[in-house]
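Novice: here is a sequence together with a model predicted from it:
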Amino acid sequence: MTNGNGAPPEQAPPQLNVLAQYTKDLSFENPNAPSSLAPQQQQPAINIQINVSANNLSENEFEVTLSIEGKAENAGKVMFSFELAYAGVFRIVNVPKENLHPLVMIECPRLLFPFAREIIATAVRDGGFPPLMLDPVDFVGLYRQNMERQAAAQAASGAKPS
């Protein structure tokens, strides 16, 4: 007997629940105000860095932190910079072990991103600049990059010098 999708009835479907979301750390700096607020002749160079980290809180609960740092510069002067650590607590059940790490490191930050994006846009606007609307992030690509970097670091540390 099946439950309509081909699975045995005793197998519960996978679940991902957001238990909490919160700002862990937020910093906004406008070091050259008020001169940085004057109309600029050219677009500032904006550099953004994004990282994802996770902590296992219990067997089925994980804290995932999306860290976003950014800086806008014009003519070698910092116009503004920010750091945001935005986190969520997620309960994940009935997910195969081999799928758990990608789920935590891709889907959880994807759920957090719109809220972090809004916090950054508001902080930049409140700092006297037009709101900074971050482009969508390819969390799958970010995950792959991090996994490749870890594999390369392990290979390098395991390699014997000749």
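Specialist: Happy to help now that I have it.
Novice: can you pull up the most central residue in the chain?
Specialist: The structure's the chain has its C-alpha centroid closest to residue 66; by C-alpha atoms, centre = their mean the separation is 3.1 Å.
Novice: okay, and the beta partners of it?
Specialist: Residue 66 has these beta-bridge partners by DSSP bridges: residue 52, residue 86.
Novice: show me what contacts it?
Specialist: Each residue near residue 66 by C-beta atoms under 8 Å, 6 or more residues apart in numbering is listed here: 50, 51, 52, 84, 85, 86, 87, 109, 112, 113, 116. (C-beta placed from N, C-alpha, C; glycine too.)
Novice: run the chain-centre distance for the least confident helix or strand in the chain by mean pLDDT.
Specialist: When the helices and strands of the chain are scored by mean pLDDT, DSSP states H and E, helix 139-158 comes last with a mean of 88. Centroid separation for helix 139-158 versus its chain: 17 Å, with C-alpha atoms, centre = their mean, to the nearest Å.
Novice: and that helix, what's buried?
Specialist: Of the residues in helix 139-158, those buried by neighbour count under the rule 16 or more other C-beta atoms under 10 Å are 139, 142, 143.
Novice: now distance to residue 62 too, for these, in TSV please.
Specialist: Conversion of these to TSV gives the following (distance: C-beta to C-beta, whole Å):
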residue	distance to residue 62
139	15
142	17
143	15
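Novice: and of these, the nearest to residue 155?
Specialist: Within the buried residues of helix 139-158, the smallest distance to residue 155 is 18.7 Å, found for residue 143 (C-beta to C-beta).
Novice: run through the residues that contact that closest one.
Specialist: The contact partners of residue 143, by C-beta under 8 Å, 6+ apart, come to 52, 102, 105, 106.
Novice: re the thing from before, the residue nearest to the centre of the chain and residue 98, how far apart?
Specialist: Using C-beta to C-beta, to the nearest Å, we find residue 66 at a distance of 23 Å from residue 98.
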